[in-house]
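# Would you be able to build a 3D model of this:
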Amino acid sequence: MPAQKLTRARFVQIIIMLTILIVAFFWRTLTHKNRVYFDCNLTTICTFKVNDDAYTLSNKPGNFEVMTDTNDPSITLTHNQEIIPKTEDGWLLSKELFKEGDNELVLNYTELDFVIRVNDQ
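Residues are numbered from 1 along each chain as shown. Got it, this is the predicted structure:
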């Protein structure tokens with residue numbers, strides 16, 4: 001079976017698809033954030049450091065508490081992509097947030113997402 005002649009329409013289609021693939025590759029490369037994972041068993045208090053900022057995650061009756069000594073307003077804590085409001089000393093989280101099986105909290109820094117997997121069993 002002989003090869004078909006490359007028509008102008010087919011050539012344009014190939015160039016468009018190639019452009020879309022190159023743009024998608026560069027978009028993903030430029031918007032990629034590093035993720036660091038930390039497993040926290042809340043039968044004890046978890047203490048960890050991110051970029052020289054100390055954090056303590058503790059199990060309180062009915063709540064989880066994330067305490068920190070940093071006052072950087074650009075650092076946020078999210079659960080299921082919803083930002084959790086910060087109190088003066090840290091964040092207070094209802095245990096109801098973790099009933100659906102999603103046990104990850106994410107500390108959002110500029111170039112890093114620090115993912116905390118919470119296990120209170």
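# which SS class is residue 113?
When classified by DSSP: H, G, I helix; E, B strand; the rest coil, residue 113 comes out as strand.
# hey, what's it bridged with?
Counting by DSSP bridges, residue 113 is bridged to residue 35, residue 108.
# Doesn't residue 15 lie inside a strand?
No - counting by three-state DSSP, residue 15 falls outside a strand, being helix.
# and it, how far is that from residue 26?
Distance, residue 15 to residue 26, by C-beta to C-beta, to the nearest Å: 17 Å. All C-beta atoms are positioned from the backbone trio N, CA, C, and that covers glycine.
# secondary structure element for residue 19?
helix 8-31 (DSSP states H and E).
# Now that helix: buried residues?
When burial is assessed from 16 or more other C-beta atoms under 10 Å, helix 8-31 yields no buried residues.
# do the same with stretch 61-73
Neighbour-count burial for stretch 61-73, counted by 16+ other C-beta under 10 Å, picks out 64-68.
# List the contacts of residue 89.
For residue 89, the contacting residues are 67-68, by C-beta atoms under 8 Å, 6 or more residues apart in numbering.
# how about low-confidence regions in the chain?
The model of the chain has pLDDT under 70 over residues 1, 42, 98-101, 110-111, 120-121.
# try 90
Scanning the chain for pLDDT under 90 picks out the ranges 1-4, 28-121.
# Number of residues surrounding residue 85?
The tally of other residues near residue 85 (other C-beta atoms under 10 Å) stands at 8.
# With the flanking residues excluded, which residue is spatially nearest to it?
Using C-beta to C-beta, 6 or more residues apart in numbering and skipping the chain neighbours, the partner closest in space to residue 85 is residue 91 (7.5 Å).
# element containing that neighbour?
With DSSP H and E as the test, residue 91 turns up in strand 90-94.
# Buried residues, that strand. List them.
For strand 90-94, the neighbour count (16+ other C-beta under 10 Å) marks 90-93 as buried.
# For it, give me every contacting residue.
Strand 90-94 is contacted from outside by 55-56, 62-68, 77, 79, 84-85, 105, using C-beta under 8 Å, 6+ apart.
# Output the residues you listed in CSV; the columns should cover distance to residue 45.
Shown next, in CSV, are these (distance: C-beta to C-beta, whole Å):
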residue, distance to residue 45
55, 11
56, 6
62, 17
63, 14
64, 11
65, 10
66, 11
67, 10
68, 14
77, 17
79, 19
84, 19
85, 22
105, 15
